[in-house]
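Asks: What would the 3D arrangement of this be:
(4 chains)
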2 protein chains.
Amino acid sequence: MLTNQSKYAIRAVLCLAINTNSNNKMGSKDVAERIDIPAPFLAKIFQSLSKAKLIKSTKGPNGGFYLTDKERHNNLLDIVECIDGLDKFDKCFIGLPKCSDENPCAIHHIVHPFKTKLFDELTRKTIGDFAEETKKGKSFIIN
Amino acid sequence: MLTNQSKYAIRAVLCLAINTNSNNKMGSKDVAERIDIPAPFLAKIFQSLSKAKLIKSTKGPNGGFYLTDKERHNNLLDIVECIDGLDKFDKCFIGLPKCSDENPCAIHHIVHPFKTKLFDELTRKTIGDFAEETKKGKSFIIN
DNA sequence: ATAATAAATGACTTATTTATCTTTTACTAT
DNA sequence: ATAGTAAAAGATAAATAAGTCATTTATTAT
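Replies: Numbers count the residues shown, from 1 in each chain, chains lettered A, B, ... in the order given. As a prediction, the model looks like this:
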């Protein structure tokens, strides 16, 4: 469903949410190493996120990427939207061009509630919320 | 989640389940046209399904693809397994290498029940079952 | 000022998925 | 037998996704 880029982006931003602030930044290599993904690829992803103002960055010594409280109020769907776009959430699981409640595919009754629930979770909860859960050990971004 | 190949395969096999038997076959082009997918691509997909004995085929005049009752007893997951493999059902939605109940990602509690439900639906119900539903107008393979 | 640092940019490579095309093989009706 | 038909097989092409690398730009500490 999501591309690797989006998956990496989510985990990387959560990593920033947990470990950084304006005084404690992380380089893209550090983040990549921490969550075990390809470093140059993450650097590219961070560029996109930075342009979209979903993460903060500063160049030079002691520079790096970080989140402020403002960015912590964004949600995970903002990240997916920035990287992949939101089209995929509308697409039918088995490729029906116009799958809907009126014109359902064979598994629409299972897939549609899931998508709704997922969409809700990804929009209602903030990045800060997810970071708190991870800090409390309720969920993980590495293993 | 599923590749186009798997999506096409599911809809194409359901098309065969609805419209064919040993006396009434369909050419791959006919099926492709009916469900509006690329014809030569479907021909390739049908080759794989045929090798795996998930569909029947005969060459020559009046030849084509079709299902017998035997093939109608297979399930949709057999098709996905043949084309894509089943790995993707185990994979974490945001790319955690080892996402589980003990080591859950941030959205595991939403994704896991869905996967279980979907897996159950795709294994428990046969291709024949889905075909009947479509014949009754409860679900669709085209629109 | 300048040297070191780290992100930004852009070009490039590789892998995978998607799709097409040509030739061969098998079958059937005449 | 043989001509026509349709799948099987294999080679190739196009598109997208994934990943890498070299250079430039901005920042900071000395």
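
Asks: closest point of chain A to DNA strand D, which residue?
Replies: Nearest residue of chain A to DNA strand D, counting by CB to the nearest atom of the strand: A:Gly60, 2.4 Å away. Yep, even glycine has a C-beta here, placed from its N, CA and C like the rest.

Asks: quick one: buried residues of stretch A:55-66?
Replies: A:Ile55, A:Lys56, A:Gly64, A:Phe65, A:Tyr66 (16 or more other CB atoms under 10 Å in any protein chain shown).

Asks: Looking at those residues, which is nearest B:Pro113?
Replies: Closest approach to B:Pro113 among those (CB to CB): A:Ile55, at 31.3 Å.

Asks: Give me the pLDDT value at that closest one.
Replies: On pLDDT, A:Ile55 comes in at 98.

Asks: just A:Asn143 next, same as before
Replies: 81.

Asks: And the helices in chain A?
Replies: A:4-19, A:28-35, A:39-51, A:69-72, A:76-83, A:108-124, A:127-135 (DSSP state H).

Asks: Switch those helices over to a markdown table; also include mean neighbour count and mean pLDDT.
Replies: Below are these laid out as a markdown table (neighbours: other CB atoms under 10 Å in any protein chain shown; pLDDT from 0 to 100):
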| stretch | mean neighbour count | mean pLDDT |
| --- | --- | --- |
| helix A:4-19 | 23 | 98 |
| helix A:28-35 | 18 | 98 |
| helix A:39-51 | 16 | 98 |
| helix A:69-72 | 14 | 98 |
| helix A:76-83 | 22 | 97 |
| helix A:108-124 | 15 | 96 |
| helix A:127-135 | 19 | 98 |
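
Asks: And those helices: which comes nearest B:Phe130?
Replies: Using CB to CB, the nearest of the helices of chain A to B:Phe130 is helix A:108-124, at 11.9 Å.

Asks: Give the full set of residues in contact with A:Leu118.
Replies: B:Ile107, B:Ile110, B:Val111, B:Phe114 (CB atoms under 8 Å, 6 or more residues apart in numbering or on different chains).

Asks: The second one touches A:Asp120, doesn't it?
Replies: No - B:Ile110 is not in contact with A:Asp120 according to CB atoms under 8 Å; the separation is 9.1 Å.

Asks: Lovely, talk soon.
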